[in-house]
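S.K.: fold the following for me, if possible:
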Amino acid sequence: MRGLVVVGVVIVLGSIVTLLMMKKMNEDPGLPIAVAFGKPSDDGVEVHVVITLGMKNTEYARVDMDTGTEYWDEWVEEHFELTGESGGPVKFSRTNFSELITAQKAGALFEFFIKGKVQGGENYTFDYIPKRAESRRYRYTFTAPTNSKKMKRYTFELAK
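M.R.: This next block holds a predicted model:
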C-alpha cells in the first residue's frame, strides 16, 4: 500500500513539474537585436541597429508595382519607434554600411542598418513592431551612454 502512495506522489510531482516547464517554454523569449553606440558629439550619440533578413521578411516594405520602388524608409518608420524622456521620436535613416558594426559582427543574415542620434544620459524606449496590423511589439528600455559602446545583441522583450 505504501508503494502505491509513493508512486501517486511521484506522478503528481512529475505532472506539476511538467506543467511548469511547459508554461515556461511557451513564453515569448524576446528578440535579440544588435545595437551599437558611437562616440558622443555636440549633437548627440549615434546609434546603429542591424536589420536582419528575418525582420525584413516578417512584413515586407511597400512596393510601387509600376516603378519597382521599395519604400524601405517608410518601412523603418512603421516598424521602429525610439522615444526619449523628452517625448520626441528619434528619426532613423537607412544605410547599407555602418562605421560601428562590421559585417562580420552583424552576422550572415543582415539586410541593412538604421542609424539615428540620441542624447547621452537620457532614458529611451525602443520598440520594434514586427507587423503593423498586430498589437504585438518588442521593447528595450535603456539609458543612452555618454561614451561609445561596441555592438551588443540586446533582448527586446515582448511589451505587455
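S.K.: which residues in this structure form helices?
M.R.: Assignment of helices within the chain using DSSP state H yields the ranges 2-25, 53-58, 72-79, 103-106.
S.K.: can you say which of those is packed in most?
M.R.: Greatest average neighbour count among the helices of the chain goes to helix 72-79 (a mean of 16), per mean count of other Cβ atoms under 10 Å. Yep, even glycine has a C-beta here, placed from its N, CA and C like the rest.
S.K.: same for that helix, what does it pack against?
M.R.: Counting contacts by 3 or more Cβ pairs under 8 Å, 6 or more residues apart in numbering; DSSP states H and E, helix 72-79 packs against strand 93-95.
S.K.: how about K131, what does it touch?
M.R.: K131 makes contact with T58, E59, according to Cβ atoms under 8 Å, 6 or more residues apart in numbering.
S.K.: just the pLDDT for it.
M.R.: For K131, the pLDDT comes out at 91.
S.K.: let's have the chain start at 707 instead
M.R.: In the new count, where the first residue is 707, that last one comes out as K837.
S.K.: and it, how far is that from N763?
M.R.: 12 Å (Cβ to Cβ, to the nearest Å).
S.K.: over to G720?
M.R.: 41 Å.
S.K.: I'd like the average pLDDT over stretch 807-823.
M.R.: So the average pLDDT for stretch 807-823 ends up being 85.
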